[in-house]
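>>> Take a look and give me a structure for this.
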Amino acid sequence: MPDTANANGHDWDAAVTAALDWWRDAGVDHAFVDDPQDWLAEARKPREAAPPAPMKPLRELAAERDDSPKVAKVSAKSDWPQTLETFAPWWLAEPALAPAGLKRLPPVGAQGADLMILVPMPSADDGDALLSGRAGRLLDAMLAAMSIAREQTYLASALPAHVPMADWQVHKESGLGDVLLHHIALAAPKRLLILGASGISALLGHDPPNLAQSLRAINQEGPPLPALLAWDLEAMLQRPALKAGFWSRWLEWTGTETI
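Residues are numbered from 1 along each chain as shown. Okay, here's the model as predicted:
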């Protein structure tokens, strides 16, 4: 094929094909122009933002969740022990009373004690007996000032095990408040000292006479049980000033006489 185009030739197809093949072999297989193109012009065009979806009320969002933990219910009341002697084994075994794997401690004392002392739960440093740790030593000092021996008391806890960050509302929903009242009825003390204003009162909070600010007696079968509600022992250890306030209330409650 000649190097220059021949207008009189008739082999234009071959010439065009040869030219395209030459450019293709040179690596040019697309048409190019020198004019600049604004490829992002379309992307920079303002778009109307879609209105945000309305937020659902928190109550509806919570209702839609299906991964919330289910509250384990205590066994039917008809299956609860009906004597104080059978209560302790059930207390140590009933699954809904405390999370699995935690060490449980039974109550200590005899039925009909002069004073029942109720704490929210065993202390973290309790050994094999309830109130055997640092809080228990404070209690012993308080009892000595009251001229009361431990043997004259019935020591119990609202929870059978030490549960860090206990959710008292969940425990109430599980039926622990009713178990607590049943426990008190079985122990049948003459008076009740509750050392744990926040936790224990939450279990009894829906009964107006049992609110933390106005608790004076526990209403159950039979005559009301005189009750005094105060700060828990751990709080008194951290804030010694609370002990003076408790002592003043104790003297008022007992008529300035110990039991």
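
>>> So Ala197 sits against Leu233, correct?
No: Ala197 is beyond contact range of Leu233, at 11.7 Å (criterion: CB atoms under 8 Å). To be clear about C-beta, it is placed using only N, CA and C from the backbone, and glycine gets the same treatment.

>>> Just want to know which of those two has more residues nearby.
Shown here are Ala197 and Leu233; by other CB atoms under 10 Å, Leu233 has more neighbours (25 against 17).

>>> now the more buried one, nearest residue through space, not along the chain?
Once flanking residues are discounted, Leu233 sits nearest to Ala135: 3.8 Å by CB to CB, 6 or more residues apart in numbering.

>>> The one you found falls within a helix, correct?
Yes: looking at Ala135 with DSSP: H, G, I helix; E, B strand; the rest coil, it is inside a helix.

>>> That one: what's it in contact with?
Listed by CB atoms under 8 Å, 6 or more residues apart in numbering, the contact partners of Ala135 are Val119, Ser123, Asp125, Asp126, Leu233, Glu234, Leu237.

>>> if you set the cut-off to 6 Å instead, what comes out?
Ser123, Leu233, Glu234 (CB atoms under 6 Å, 6 or more residues apart in numbering).

>>> Quick check: it vs Pro57, distance?
43 Å (CB to CB, to the nearest Å).

>>> can you map out the strands along the stretch 151-259 of the chain?
Ranges of strands within the stretch 151-259 of the chain are 153-157, 191-195, 217-218, 225-230, based on DSSP state E, counting those that start in this stretch.

>>> ranking the ones you listed by burial, who's on top?
strand 153-157 (a mean of 24; mean count of other CB atoms under 10 Å).

>>> Just put the strands of the stretch 151-259 of the chain in CSV and tack on mean pLDDT.
Converted to CSV, these look like this (pLDDT from 0 to 100):
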stretch, mean pLDDT
strand 153-157, 97
strand 191-195, 94
strand 217-218, 60
strand 225-230, 90
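
>>> Out of those, which is closest to His171?
For these, proximity to His171 was assessed by CB to CB; strand 153-157 is nearest, at 12.0 Å.

>>> Touching the closest one from outside, list them.
107-109, 113, 115-119, 121-122, 130-131, 187, 189.

>>> Where does the prediction get shaky in the stretch 151-259 of the chain?
When residues are selected by pLDDT under 70, those of the stretch 151-259 of the chain lie in 205-222, 256-259.

>>> Now with 90, please.
In the predicted model, the stretch 151-259 of the chain carries pLDDT under 90 at residues 164-175, 196-225, 254-259.

>>> Show me the helices in the stretch 151-259 of the chain, by range?
168-173, 176-187, 197-203, 233-238, 241-253 (DSSP state H, counting those that start in this stretch).
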